[in-house]
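Trainee: take a look and give me a structure for this.
(chains A, B, C, D, E and F)
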Number of protein chains: 4
Amino acid sequence: MSREKSVDKRQRILDAALRVFAERGFYTARVSEVARAAGVADGTIYLYFQNKDDLLIKLFEDRMDFLIRRLNEDLAEMGGTCAERFGRLVHLHLVLSTEATDLAEFITVELRQSQKFIKEYGNPRFQEYLSIIRGIIEEGQGDGSFRPELDARTVVRAIFGALDEALLALTLAHRRGREVDVARAASDLATLLLGGIRAD
Amino acid sequence: MSREKSVDKRQRILDAALRVFAERGFYTARVSEVARAAGVADGTIYLYFQNKDDLLIKLFEDRMDFLIRRLNEDLAEMGGTCAERFGRLVHLHLVLSTEATDLAEFITVELRQSQKFIKEYGNPRFQEYLSIIRGIIEEGQGDGSFRPELDARTVVRAIFGALDEALLALTLAHRRGREVDVARAASDLATLLLGGIRAD
Amino acid sequence: MSREKSVDKRQRILDAALRVFAERGFYTARVSEVARAAGVADGTIYLYFQNKDDLLIKLFEDRMDFLIRRLNEDLAEMGGTCAERFGRLVHLHLVLSTEATDLAEFITVELRQSQKFIKEYGNPRFQEYLSIIRGIIEEGQGDGSFRPELDARTVVRAIFGALDEALLALTLAHRRGREVDVARAASDLATLLLGGIRAD
Amino acid sequence: MSREKSVDKRQRILDAALRVFAERGFYTARVSEVARAAGVADGTIYLYFQNKDDLLIKLFEDRMDFLIRRLNEDLAEMGGTCAERFGRLVHLHLVLSTEATDLAEFITVELRQSQKFIKEYGNPRFQEYLSIIRGIIEEGQGDGSFRPELDARTVVRAIFGALDEALLALTLAHRRGREVDVARAASDLATLLLGGIRAD
DNA sequence: GATGAATGAGGGTTCATTCAT
DNA sequence: TATGAATGAACCCTCATTCAT
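Mentor: Got it, this is the predicted structure:
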């Protein structure tokens, strides 16, 4: 089987794992469920991943890489003020709730879950995501548009928390079939957070 | 055995579960570990709780009740403006990172974890906690000190997210033995969030 | 459950393991087969033994202890010359083929099998069994009834090999329902081996 | 690929299997390990052997054929008395411990292992090897140099047992890097066994 | 109530074997 | 022939839960 197809199969397993983990949660999900969802045999998963934990880690890395790349590309091509870029970031984050519901649920619910992520694994991709936010904040502080006296790390962490929780709320609402006005939520959230960081 | 002692034992199990779940995570933790930590036999846990899930739910309710009561009492006796009360709330939330580290870790990490909480269980205590924040926001919007055009629900959710994430960051930092300036963080966070919601 | 009964259950598992391992071989045997043969649940085995390997080791130790004790007691009370004692030892070894067929098959087939026994585990009980034979040989060399120029270790090893192989042959014959004249075989074997070690 | 090369590959697999089975034991060894050691793909093994069991059987036959042929040729060209031929046989058996360590370990450890060999498979090559020993014994009994009253089958079996155990002991000692005096051991063993079978 | 030995369903993982290339 | 990715049956072991004491 060609390298092409192998990459394909690995990706299919990751895609399936995303769906299954989002639906059932990592610990509740069965490896055999992921296999079935991917259309492969149970054993095949172990050709591409060391074990169930490794699948979680690799899935997390894969999707964070995707989000980080998408965010970087989008912000790179838009230009604009820090405030505008910040608003764009908020929008891009929240829009996952409807455009990539599984991913949104996976990120919001599973990110904190495992000791492996938060403690042992260290989670560099998460740090990278935070550093994108931080970049905007510090740029704004540098050009005088954002309040300089606030500790950027605290601010960034708070902003991510606000985004993440909002995303969770929107995602669950969307899952339950409720109408979700992502644009409005993004607008409100951007207003709120910008109000807090903007220099007078 | 008297009612007194039974209540005692139930509480001992809850306390042990908090420690063990904070340390190991709900799914990774073993019922026998909770039993050992509580100084009771494995079977005893099932005299007070239906099963492991029920233990998690009851623990969550128990600690949220504690937090809610503490918060309500503290806010009730302090009086002051909405902004002052909001600042107090932020401080009380973050101070858990050093004064109740296990609880902080449990809340921040386990709260999102189980589908049972978020979807099936519905999680009324969490809603109650949110409603305390909401009360302050709406009161502030009512008396003109807070910006009225923001959707209170979105704001509340974002604020909780910011608090929760900040608490997580502080808790993990504390766990790793790093010096943590809770007061500073609380001050920064209050400034940030108040800046966002305060009327001009 | 009392200590008494636990010991009982542990022994029941060992007895069952002996039967199953003799019948099926260690690697081919399933833990669940041992459990069924012992009349316990699969998991119960793991209350008394760390894992399948440990069960094998403990079984080996248990039965070797039994054989060693039996041999020592029997030889202790019989007295007699070294040659007579040697003849008795041969008889006691071979009689296992009909009086403890499972044990005979287990010892002859499984003793050499596992790396764990021969290499890693080191196998002190086996050494102890050899030392009983060695004691007789060296005593005989000491009192001039056995040839002193032979290296006792080589002799002992060869004697054990002869006994073991003879036991295997008798056991398999017995298993196949053939008439087995253990006394004759023991007599021939004793004659043969004594002829080799006896001083002229 | 020519017949020549195929035979080559079959032999390479057998050689690899000998090494791997000696090192790891049949049940612990993986087919993929044999394949890697042979420098072929896993599937290739199944072009030459029906399955893992068959590989073991064929390997056993191959090496026993080798031993039997070597023994027959060596004994045929040496001539001499039965006692001398017997001494030669002992030496040839034990010398495997240093000149063909893997083979020695394979024979001594794996020969008894599988029920398949002892019960189902019946093991004609092993019988053939025994019959060589038996030939010498019976010839000696016929010409009056060996004691005629001993049952040849019992004697042969005992002799093989002694040889086999001695070979195992020497092989393991050699594996552990200890100095092994094969000639001395062979001499002692021949003396011992001849003393037992020789007519007075 | 309290115990903890016993249970046994269930799941992650392995690995002999197959078969499309 | 040869390959090695893919398969999936099988098995060891765990651990939440029960229940006789």
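Trainee: after the lowest-mean-pLDDT helix or strand in chain A, heading C-terminal, what element do we hit next?
Mentor: Within chain A, no helix or strand scores below helix A:115, which has a mean of 49 by mean pLDDT, DSSP states H and E. Using DSSP states H and E, the helix or strand that directly follows helix A:115 along the chain is helix A:124-142.
Trainee: what packs against that next one?
Mentor: helix A:52-78, helix A:82-94, helix A:152-175 (3 or more CB pairs under 8 Å, 6 or more residues apart in numbering or on different chains; DSSP states H and E). From N, CA and C alone the C-beta is placed, and that goes for glycine too.
Trainee: nearest to DNA strand F, of those?
Mentor: Evaluated with CB to the nearest atom of the strand, the helices and strands packed on helix A:124-142 place helix A:52-78 nearest to DNA strand F, the distance being 13.0 Å.
Trainee: is chain B within reach of the closest one?
Mentor: No: shown here: helix A:52-78 not in contact with chain B (CB under 8 Å from any CB of the partner chain), separated by at least 10.9 Å.
Trainee: just the angle between that helix and helix A:124-142, please?
Mentor: 30 degrees (axes from the mean of the first three to the mean of the last three CA atoms, to 10 degrees).
Trainee: tally of neighbours for A:Thr108?
Mentor: Counted with other CB atoms under 10 Å in any protein chain shown, residues neighbouring A:Thr108 total 25.
Trainee: give the contact list for it.
Mentor: A:164-165, A:167-168, A:171, B:112 (CB atoms under 8 Å, 6 or more residues apart in numbering or on different chains).
Trainee: most neighbours of all these, which one?
Mentor: Sorting the contacts of A:Thr108 by how many neighbours each has (other CB under 10 Å) puts A:Thr171 first, at 26 neighbours.
Trainee: residues touching that one, list them.
Mentor: A:96-97, A:101, A:104-105, A:108.
Trainee: between those residues, which is nearest chain B?
Mentor: A:Thr108 (6.7 Å; CB to the nearest CB).
Trainee: and the residue lying closest to that closest one once chain neighbours are set aside, how far is that from B:Leu111?
Mentor: In space, and not counting its chain neighbours, A:Thr108 is closest to A:Leu168: 4.0 Å by CB to CB, 6 or more residues apart in numbering or on different chains. Using CB to CB, to the nearest Å, one gets 10 Å for the distance from A:Leu168 to B:Leu111.
Trainee: in chain A, what residue comes closest to chain D?
Mentor: Closest contact between chain A and chain D, by CB to the nearest CB, is at A:Leu47 (12.7 Å).
Trainee: re the thing from before, sort out for me which of the contacts of A:Thr171 are in strands.
Mentor: Nothing among those maps onto strands, per DSSP state E.
Trainee: check those and tell me the two furthest apart.
Mentor: Greatest spatial distance in the contacts of A:Thr171: A:Thr101 and A:Thr108, 10.7 Å, computed using CB to CB.
Trainee: where does chain A have low pLDDT?
Mentor: Counting by pLDDT under 70, chain A contains low-confidence residues at A:1-7, A:114-121.
Trainee: one more pass at 80, please.
Mentor: Residues of chain A that meet the criterion pLDDT under 80 lie in A:1-7, A:112-123, A:198-200.
Trainee: domain ranges for it?
Mentor: A:1-49, A:51-197 (automatic domain parsing).
Trainee: contact partners for the closest residue to chain C within chain A?
Mentor: The minimum distance from chain A to chain C, using CB to the nearest CB, falls at A:Asn51 (19.2 Å). The contact partners of A:Asn51, by CB under 8 Å, 6+ apart, come to none.
Trainee: tell me how far it lies from A:Phe60.
Mentor: Applying CB to CB to A:Asn51 and A:Phe60 gives a distance of 15 Å.
Trainee: brilliant, that's me finished.
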